[in-house]
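Undergrad: Need the 3D shape of this:
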Amino acid sequence: MRKRFRHNLFSRWAVLLLMMPLSATLLAQVRSEVWCPDNGDGTYTNPVLNADYSDPDVICVGEDYYLTASSFQCMPGLPVLHSRDMVNWTIIGYALHRQFPGETIPQHGNGVWAPSLRYHQGEYYIYWGDPDRGVMMVKAKNPAGPWEEPVCVIPGKGMIDTCPLWDNDGRCYLVNGWANSRAGFNSVLTVRELSADGTRPIGNPVIVFDGGNRDYTAEGPKFYKRDGWYWIMCPAGGVETGWQLAMRSKSPYGPYESKTVLRQGKTNINGPHQGGWVHTSHGEDWFMHFQDKGPYGRVVHLQPVDWSSGWPVMGKNGEPVLTYRKPKTSSPSPVVTPQESDEFNEPTLGLQWQWQADYDQYFGMPTADGHFRLFTWKLPKSSQLSGEKVPNLWAVPNLLLQKLPAENFTVTAKVRLAAKAEHQRGGIVVMGRDYSALVVERTGDLFQLKQLTCQKADEGKAEHQQVLATLKPTDQDKIPYHPALYMDIVLRMTVSKGLVDFAYSTNNGKSFSPVGTQFRMREGKWIGAKVGLVATEDNVKSDCGLLDADWFRVTK
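TA: Reported below is the predicted structural model:
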């Protein structure tokens with residue numbers, strides 16, 4: 001029998017999604033009960049995306065808005081979101097599905113850095129800088145996909161934060177920043193000409209802005225043209241404490257004059273910068289940018305833009321607004337938010353999910369009876385890792401994870417572990433540079449409920465295991481398939497102000513027992529912490545164990 005849960009309206013409509021006009025896809029979405037920016041009275045409250053959509057870029061095509069963001073090593077990558085008013089957003093797809101062929105250990109912090117999204121001659125383009133491979137590009141006729149295979153426009157190291165501009169005469173220019181870790185310098189922005197189709201360079205780079213010591217860490221540029229002026233908008237001053245610059249010139253190669261058009265000022269919105277400017281079909285101007293919130297990642301704010309001075313002054317007199325009227329639209333937008341919960345009733349995962357590395361079928365797959373199955377990943381030996389590191393979840397590619405949806409929320413998951421050998425385990429996890437997981441693990445003919453916690457996982461530190469309870473296996477007569485020892489359990493984590501508390505239930509969620517040690521979340525490498533499912537083992541030769549997730553629900 002199929003499970004029913006109101007948070008999974010998307011899942012039941014997933015097969016139809018790509019067959020619908022994009023304006024209709026919102027009808028298949030739901031409103032989160034843990035965060036909604038739409039106040040229902042014609043106003044919104046920031047952030048409009050209260051999740052880690054780092055380095056957002058946004059475009060307007062007719063009455064529709066599309067947004068993408070950095071995804072680094074997480075796969076699928078380059079998320080594409082849709083809105084009718086820049087307040088109510090839903091995920092409609094991903095533009096990238098593989099970027100590290102042959103790699104089995106996650107490439108944390110590598111991959112997609114600060115993409116730009118553009119619409120040109122009936123096609124959608126996303127450019128990004130892979131700091132180790134070069135300037136990359138994908139394109140599609142439908143923003144929901146399918147997207148073509150990536151093209152390397154300019155090979156090389158250190159070119160990041162790329163953005164094209166197609167001029168009125170059809171010529172194409174590219175602006176980009178530089179990563180000091182690869183190039184040996186940063187805070188420099190360069191412009192060069194590309195071929196008219198945007199696939200190869202036909203000119204050499206020209207330095208158009210040098211931040212130096214005054215505007216250090218100038219990066220993340222976006223390229224525009226307005227009223228005969230070429231505009232580069234970019235953040236400066238650092239992720240947590242910086243500001244937004246706008247610079248203009250009559251030539252794409254400069255010289256450019258610059259002004260600060262958004263800064264924190266007297267508000268509580270730190271580091272308001274790096275995003276995209278939009279001129280709407282209703283003649284309004286808006287800017288979407290991120291705010292760094294530590295373990296919660298880089299959440300997205302929407303600011304009005306005033307051009308009356310000849311410069312794009314953002315927010316209210318250059319300081320970010322918290323609450324404001326919604327952008328004008330031709331018709332009201334349904335109140336929707338990005339997907340969170342998943343009943344796993346469909347042959348595809350919900351679009352909120354990402355793996356910690358390029359997907360491989362041996363990570364896991366849906367089942368015909370309405371579950372998602374993770375195969376226990378065999379932890380690598382220390383000799384397979386660099387230096388003196390020891391294996392922990394930082395090196396596990398098949399963690400099934402999603403972004404944190406709010407500051408305060410609860411995750412509850414019903415799972416069954418089918419353990420064919422000792423020390424096969426599975427459960428729920430909150431993952432970052434530090435992590436903590438609540439799992440059940442087979443020990444002899446019983447199961448142990450454990451909390452797995454690791455501080456400085458990114459530095460290869462050892463995981464600490466705390467035994468919380470010893471549990472009898474589920475009645476084997478109720479299990480219809482292959483030999484194993486089974487454990488049915490409902491696991492829960494409650495997140496509040498950066499702290500995580502765990503609980504479990506052995507009576508199908510009728511009552512819960514708090515367990516374990518409270519855990520303080522920590523961000524990942526360039527991303528916020530994530531929550532999701534984990535299944536691992538220490539055995540080298542045994543058949544894989546199975547973690548079947550029945551559902552995963554995000555609630556208050």
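Undergrad: Let me see the ranges of the helices in the stretch 401-550 of the chain.
TA: Counting by DSSP state H, counting those that start in this stretch, the stretch 401-550 of the chain forms no helices at all.
Undergrad: where along it do the strands fall?
TA: Assigned by DSSP state E, counting those that start in this stretch, the stretch 401-550 of the chain shows strands spanning 409-419, 424-431, 435-443, 446-454, 464-471, 485-496, 499-505, 513-520, 530-537, 546-555.
Undergrad: any low-confidence regions in the chain?
TA: Along the chain, segments meeting pLDDT under 70 span 1-29, 213, 381-390, 477-483.
Undergrad: May I see the strands of the stretch 401-550 of the chain organised as a markdown table, with mean neighbour count and distance to S195 added?
TA: Using the backbone N, CA and C atoms, a C-beta is placed for each residue, glycine as well. Converted to a markdown table, the strands of the stretch 401-550 of the chain look like this (neighbours: other C-beta atoms under 10 Å; distance: least, C-beta to C-beta, whole Å):
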| stretch | mean neighbour count | distance to S195 |
| --- | --- | --- |
| strand 409-419 | 22 | 47 |
| strand 424-431 | 27 | 41 |
| strand 435-443 | 26 | 45 |
| strand 446-454 | 20 | 48 |
| strand 464-471 | 14 | 55 |
| strand 485-496 | 21 | 48 |
| strand 499-505 | 19 | 50 |
| strand 513-520 | 15 | 50 |
| strand 530-537 | 26 | 38 |
| strand 546-555 | 23 | 45 |
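Undergrad: Any idea which of those strands gets closest to E33?
TA: strand 546-555 (6.0 Å; C-beta to C-beta).
Undergrad: Reformat the strands of the stretch 401-550 of the chain as a markdown table; add distance to P131.
TA: Supplementary listing: the strands of the stretch 401-550 of the chain in a markdown table, determined by distance: least, C-beta to C-beta, whole Å:
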| stretch | distance to P131 |
| --- | --- |
| strand 409-419 | 32 |
| strand 424-431 | 22 |
| strand 435-443 | 25 |
| strand 446-454 | 26 |
| strand 464-471 | 33 |
| strand 485-496 | 31 |
| strand 499-505 | 31 |
| strand 513-520 | 30 |
| strand 530-537 | 22 |
| strand 546-555 | 33 |
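Undergrad: Looking at the ones you listed, which is nearest to P304?
TA: Of all those, strand 409-419 comes closest under C-beta to C-beta, at 29.1 Å.
Undergrad: what angle sits between that closest one and strand 485-496?
TA: Strand 409-419 runs at 160 degrees relative to strand 485-496, counting by axes from the mean of the first three to the mean of the last three C-alpha atoms, to 10 degrees.
Undergrad: Between strand 424-431 and strand 409-419, find me the angle.
TA: 160 degrees.
Undergrad: what packs against strand 409-419?
TA: Counting contacts by 3 or more C-beta pairs under 8 Å, 6 or more residues apart in numbering; DSSP states H and E, strand 409-419 packs against strand 424-431, strand 435-443, strand 485-496, strand 530-537, strand 546-555.
Undergrad: and if we set it to 7 Å?
TA: Helices and strands touching strand 409-419, by 3 or more C-beta pairs under 7 Å, 6 or more residues apart in numbering; DSSP states H and E, are strand 424-431, strand 485-496, strand 546-555.
Undergrad: what's the span of stretch 358-367 from first residue to last?
TA: 21 Å (C-alpha to C-alpha, to the nearest Å).
Undergrad: which residues are in contact with it?
TA: Residues external to stretch 358-367 that are found in contact with it (C-beta atoms under 7 Å, 6 or more residues apart in numbering): 75, 98-100, 103, 344, 347, 355, 372-375, 397-398, 400, 548.
Undergrad: Could you identify the most distant pair in those?
TA: Farthest pair in the contacts of stretch 358-367, by C-beta to C-beta: Q99 and D548, 28.9 Å.
Undergrad: Please look at C544 and W377 and confirm they touch.
TA: No - in this structure, C544 is not within contact of W377 by C-beta atoms under 7 Å, at 8.2 Å.
Undergrad: Compare these two (neighbour count), which wins?
TA: W377 (23 against 19; other C-beta atoms under 10 Å).
Undergrad: Could you report the distance from the more buried one to I91?
TA: 26 Å (C-beta to C-beta, to the nearest Å).
Undergrad: for the stretch 201-350 of the chain, what spans make up the helices?
TA: Going by DSSP H, counting those that start in this stretch, the stretch 201-350 of the chain shows no helices.
Undergrad: L322: what's it in contact with?
TA: Contacts of L322 (C-beta under 7 Å, 6+ apart): 45-46.
Undergrad: try K139
TA: Counted by C-beta under 7 Å, 6+ apart, K139 has contacts 123-125, 147-148.
Undergrad: I'd like these written out as a markdown table, with neighbour count and secondary structure added.
TA: Compiled in a markdown table, these are given as follows (neighbours: other C-beta atoms under 10 Å; DSSP: H, G, I helix; E, B strand; the rest coil):
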| residue | neighbour count | secondary structure |
| --- | --- | --- |
| E123 | 14 | strand |
| Y124 | 23 | strand |
| Y125 | 21 | strand |
| W147 | 22 | coil |
| E148 | 13 | coil |
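Undergrad: between those residues, which is nearest V467?
TA: W147 (46.4 Å).
Undergrad: Was I right to think that closest one contacts R98?
TA: No - with contact defined as C-beta under 7 Å, W147 does not reach R98; the gap is 11.7 Å.
Undergrad: Show the backbone phi and psi for the nearest residue in space to K157 that is not next to it in sequence.
TA: Leaving aside its sequence neighbours, K157 sits nearest to R182 (C-beta to C-beta, 6 or more residues apart in numbering; 4.2 Å). When quoted as degrees, to the nearest 10, the phi and psi of R182 stand at phi -110, psi -40.
Undergrad: residues touching R182, list them.
TA: Per C-beta under 7 Å, 6+ apart, neighbours of R182: 131-132, 157-158.
Undergrad: Spell out which residues sit in contact with the residue nearest to D550 when sequence neighbours are not counted, please.
TA: Distances taken as C-beta to C-beta, 6+ apart place K414 nearest to D550, at 4.1 Å, with adjacent residues excluded. K414 makes contacts with 490, 509, 550-551, as judged by C-beta under 7 Å, 6+ apart.
Undergrad: what do you get for R31?
TA: R31 touches 335-337, counting by C-beta under 7 Å, 6+ apart.
Undergrad: Let me have these in JSON lines, extended by distance to A140 and neighbour count.
TA: As requested, these are exported to JSON lines (distance: C-beta to C-beta, whole Å; neighbours: other C-beta atoms under 10 Å):
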{"residue": "V335", "distance to A140": "28", "neighbour count": "18"}
{"residue": "V336", "distance to A140": "22", "neighbour count": "24"}
{"residue": "T337", "distance to A140": "24", "neighbour count": "26"}
